[in-house]
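Asks: build me a structure from this.
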Amino acid sequence: MTKSKAPMTPSAAARIQSSVAKSNGGTVPKGSFGSRAQSSAAKNSSNKGTN
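Replies: Purely as a prediction, here's the structure:
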């Protein structure tokens, strides 16, 4: 896995999840890009103070 230039933010993850949910009848499938984005955003926001 490569390092991205910009970390996933909660607002970006929300936009992605919204788009995924709209195209899947209101649900975000497990393992989808939207769910991975949300997980990454949560990890990034909890790791902000550990550097």
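
Asks: any idea how far residue 22 is from the residue nearest the centre of the chain?
Replies: Closest to where the C-alpha atoms of the chain average out (C-alpha atoms, centre = their mean) is residue 37, at 1.8 Å. From residue 37 over to residue 22 the distance is 15 Å, taken as C-beta to C-beta, to the nearest Å. All C-beta spots, glycine's among them, are computed from the backbone N, C-alpha and C.

Asks: mind checking what secondary structure the nearest residue to residue 28 once chain neighbours are set aside has?
Replies: In space, and not counting its chain neighbours, residue 28 is closest to residue 34: 4.6 Å by C-beta to C-beta, 6 or more residues apart in numbering. Assigned by DSSP: H, G, I helix; E, B strand; the rest coil, the conformation of residue 34 is helix.

Asks: verify the contact between residue 34 and residue 23 for me.
Replies: No - judged on C-beta atoms under 8 Å, residue 34 makes no contact with residue 23 at a distance of 9.5 Å.

Asks: between these two, which one's more packed in?
Replies: Per other C-beta atoms under 10 Å, whichever of residue 34 and residue 23 has more neighbours is residue 34, with 22 against 11.
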